[in-house]
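S.K.: Okay, sequence plus prediction incoming.
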Amino acid sequence: MLSTIYDEGTFEFTQDEIRKLQELRVLVAGSPELEIGTEDNFLSRWLYFAQWNVEEAFASINRYYDFKARNPQWFANLDNISQLKELFVKVKPRFVLKRRDVQGRIIVVQKLIDVFDKYPNYFFDMCYMDDYIFEAVLATANGQKFGVSIINDFQGFSRNFMKVLTSTNMTAINGKSEVIPFVSNQMHIIKKGLIVGTALTLIMKFMSKEVKARMITHDGKNYDKLFDMLGYENLPKEYGGQRDYDLLTWGGEVNSSADKLYEFIESKWDVIKKVQGYRKVVK
């Protein structure tokens, strides 16, 4: 089983998969509205997502880019990842764990850290950070094959976060969650704090059945379900895992895990920069 995020895998396809890639390429090339690439390593993310059903992959592409065309503000389009470097390496609201879960999925941690006063666009900055993390993962073969597990850590939830839980924002978050092409996208919510219960009740009102089915709640005290689904040995001590493995330093390594995440995204920037420009022209 895969162990670390650096087990990126290789893009190797069977003859049948090559045939399906070509079929999807023909469909995409024949669509005048779609302005996206047709390289194998990009089309394969949609085919993995659709269990290698060409028609469903093409439909998924259209759903994603329809949503993007209607909601461009919800998609990162920065000139350089360095524009978010301070948030990644100093504020540290996002992590990717060194060890994958028991299904081979990369584990992404989304922590809530209230720095709204310092960063006026902080809510969307966090959305763009997630965009770049997901795009970096999807730029790898194993990211496409296995997907992600997400730990939504609500322990830092504050009233400033409550202010951004508007119906417009929650509807958009749900819509985007439905179209991101991860073959597996499991969300673990760490529910701890005085107003977290109220916030989650509000959030759930806007989540579809499909998104809710991927959400598992943990009380922040007992992590047995998290151990069962992700593996005790794969989790840092912050989530009940091994004491010699912490979220920030990966167990005493010189560079912090936040730095490693930023470097991981930076290493995929050429691909990310190209893909973020893909679009659908909707009249």
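M.R.: Received, thanks.

S.K.: my guess is residue 245 meets residue 236, correct?
M.R.: Yes. Here residue 245 reaches residue 236: they are 5.0 Å apart, a contact under C-beta atoms under 8 Å. (Glycine included, C-beta is placed from N, CA and C.)

S.K.: more neighbours, these two?
M.R.: Legend: neighbour count by other C-beta atoms under 10 Å for residue 245 and residue 236, higher for residue 236 (25 against 19).

S.K.: right, and the helix or strand after the helix or strand hosting residue 227?
M.R.: Take DSSP states H and E as the rule and residue 227 turns out to sit in helix 224-230. Counting by DSSP H and E, the element after helix 224-230 in chain order, helix or strand, is helix 257-267.

S.K.: what is the rounded mean pLDDT of the next helix-or-strand element following that next one?
M.R.: Of the helices and strands lying after helix 257-267 in sequence (DSSP H and E), the nearest is helix 269-275. Averaging pLDDT along helix 269-275 gives 96.

S.K.: hey, C-alpha coordinates of helix 269-275 in CSV?
M.R.: Output of helix 269-275 as CSV, limited to C-alpha atoms (Å, rounded to 0.1, in the frame of the first residue of the first chain):
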residue,chain,number,x,y,z
TRP,A,269,2.8,24.7,-10.9
ASP,A,270,3.4,24.4,-14.7
VAL,A,271,0.5,22.0,-14.9
ILE,A,272,-1.7,23.9,-12.5
LYS,A,273,-1.1,27.2,-14.3
LYS,A,274,-2.2,25.6,-17.6
VAL,A,275,-5.2,23.8,-16.3
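
S.K.: Can you tell me which helices and strands the helix or strand that comes right after it packs against?
M.R.: Using DSSP H and E, the helix or strand that follows helix 269-275 in sequence is strand 279-280. Judged by 3 or more C-beta pairs under 8 Å, 6 or more residues apart in numbering; DSSP states H and E, the packing partners of strand 279-280 are strand 34-35, helix 54-70.

S.K.: Present these as CSV; the columns should include mean pLDDT, distance to residue 134 and mean neighbour count.
M.R.: Formatted as CSV, those follow (pLDDT from 0 to 100; distance: least, C-beta to C-beta, whole Å; neighbours: other C-beta atoms under 10 Å):
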stretch, mean pLDDT, distance to residue 134, mean neighbour count
strand 34-35, 97, 20, 16
helix 54-70, 98, 12, 18
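
S.K.: can you redo the ones you listed as JSON lines with distance to residue 249?
M.R.: As requested, those are exported to JSON lines (distance: least, C-beta to C-beta, whole Å):
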{"stretch": "strand 34-35", "distance to residue 249": "43"}
{"stretch": "helix 54-70", "distance to residue 249": "36"}
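
S.K.: nearest to residue 156, of these?
M.R.: helix 54-70 (28.6 Å; C-beta to C-beta).

S.K.: which residues of the protein fall in strands?
M.R.: 34-35, 94-96, 106-111, 148-153, 185-190, 215-218, 279-280 (DSSP state E).

S.K.: want to try JSON lines for the ones you listed, with distance to residue 127 as columns?
M.R.: As requested, those are exported to JSON lines (distance: least, C-beta to C-beta, whole Å):
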{"stretch": "strand 34-35", "distance to residue 127": "23"}
{"stretch": "strand 94-96", "distance to residue 127": "11"}
{"stretch": "strand 106-111", "distance to residue 127": "11"}
{"stretch": "strand 148-153", "distance to residue 127": "13"}
{"stretch": "strand 185-190", "distance to residue 127": "15"}
{"stretch": "strand 215-218", "distance to residue 127": "18"}
{"stretch": "strand 279-280", "distance to residue 127": "18"}
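
S.K.: Which of those sits closest to residue 207?
M.R.: Comparing those under C-beta to C-beta, the one sitting nearest is strand 215-218, at 7.3 Å.

S.K.: just how off-centre is that closest one within its chain?
M.R.: Computed by C-alpha atoms, centre = their mean, to the nearest Å, the chain-centroid distance of strand 215-218 equals 17 Å.

S.K.: List the buried residues of that strand.
M.R.: By 16 or more other C-beta atoms under 10 Å, the buried positions in strand 215-218 come out as 215, 217, 218.

S.K.: Direction included, what does it pair against?
M.R.: On the basis of DSSP bridges, the sheet neighbours of strand 215-218 come out as strand 185-190 (parallel).
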